[in-house]
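A.B. asks: model the structure of this input:
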Amino acid sequence: YDIHLDGILANFTGMVRQASTERARQAQRLIVGPWAHWLPLSSVVGSIDFGPDAVLDVTALRRDWFGAWLQDGPDPALAPVRLFVMGENVWRDEQEWPLARTRYTPWYLQSGGELGPDAPASGTAAGEFVHDPADPVPTVGGRLLGTGEFSGPYDQSAVGERADVLCYTSAPLTEPMEVTGPVRVVLWASTDAADTDFAAVLIDVRPDGTAINLCE
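C.D. replies: Presented below is the predicted three-dimensional model:
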């Protein structure tokens, strides 16, 4: 939930591909936790407690890393990629990013507010909304730069009830689903305003109706 995540991922993959020496390319390390901007010392992010394993001892990590590179200390023996899997709330070591075993799966926005793996039929009606610049859709949590109380995961239910927000919801998942990797939206849209921004948020709707933002 850090606004810098995209840049961090791009830096890691770029250095792995293009660093000037083989040693530099092989020595890149990536750690992705559940935190908001610079909050790895707390397990609570936004409205969710991810458990004690979510806390990262940054001081020890830096000491080992710079000790190895600047003081000829022992190799900290970190995996190339270390990910915190939210939901399971566990760390997992990986060898690359994006993960080589990723299955890129398109899901589609359907008429009537449905979301699913089947492409909509030709001629499907478009969703519409009216935007009032004097009453903008609020940002509730998410990937923000600040370390205040409103960054991270929060219930998006009230936002989804607004008339100027279109919600597309899948059928309840019948088995566990992991979403790990780049998420993107291909949006076909038109507007009668001089300028319009569109934002898409991927949300986990829980059995009790709580709608937790995952990424945007």
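A.B. asks: could you use CA atoms for every contact and neighbour count after this?
C.D. replies: OK.
A.B. asks: please name the residues that touch the spatially most central residue of the chain.
C.D. replies: What sits nearest the mean C-alpha location of the chain, by Cα atoms, centre = their mean, is C215, with 3.9 Å. For C215, the contacting residues are Y1, G142, R143, V201, L202, I203, by Cα atoms under 8 Å, 6 or more residues apart in numbering.
A.B. asks: switch to 10 Å and redo it
C.D. replies: By Cα atoms under 10 Å, 6 or more residues apart in numbering, the contact list for C215 reads Y1, G142, R143, G152, P153, V183, R184, A200, V201, L202, I203, D204.
A.B. asks: the second one contacts Y154, correct?
C.D. replies: Yes - applying Cα atoms under 10 Å, one finds G142 in contact with Y154, separated by 7.7 Å.
A.B. asks: for these two, indicate the residue with more neighbours.
C.D. replies: Between G142 and Y154, G142 has the larger neighbour count (other Cα atoms under 10 Å), namely 22 against 19.
A.B. asks: what's the distance between the residue nearest to that one when sequence neighbours are not counted and P34?
C.D. replies: In space, and not counting its chain neighbours, G142 is closest to G152: 4.7 Å by Cα to Cα, 6 or more residues apart in numbering. For G152, the distance to P34 equals 8 Å [Cα to Cα, to the nearest Å].
A.B. asks: give me the common contacts of the two.
C.D. replies: Common neighbours of G152 and P34 (Cα under 10 Å, 6+ apart) are Y1, D2, V44, V45, I48.
A.B. asks: let's see if you can find the most crowded of those.
C.D. replies: Counting neighbours by other Cα under 10 Å, the top entry in the shared contacts of G152 and P34 is Y1, with 26 neighbours.
A.B. asks: does that one touch W35 like I think?
C.D. replies: Yes - judged on Cα under 10 Å, Y1 makes contact with W35 at a distance of 5.6 Å.
A.B. asks: what's the overlap in contacts for those two?
C.D. replies: V45, G46, R143, S151, G152, P153.
A.B. asks: right, and the last one touches V201 too?
C.D. replies: No - checked against Cα under 10 Å, the pair P153 and V201 is beyond contact range at 11.5 Å.
A.B. asks: between those two, who's got more neighbours?
C.D. replies: Applying other Cα under 10 Å to P153 and V201 shows that P153 carries more neighbours, namely 25 against 14.
A.B. asks: so what pLDDT did the more buried one get?
C.D. replies: pLDDT for P153: 96.
A.B. asks: apart from its chain neighbours, what residue comes closest to it?
C.D. replies: Computed as Cα to Cα, 6+ apart, the closest residue to P153 that is not its neighbour in sequence is G46, at 5.0 Å.
A.B. asks: ok, the one you found - contacts?
C.D. replies: Here G46 is in contact with 1, 35-36, 140-142, 147-155 (criterion: Cα under 10 Å, 6+ apart).
A.B. asks: how about a cut-off of 6 Å?
C.D. replies: When contacts are counted by Cα atoms under 6 Å, 6 or more residues apart in numbering, G46 touches S151, G152, P153.
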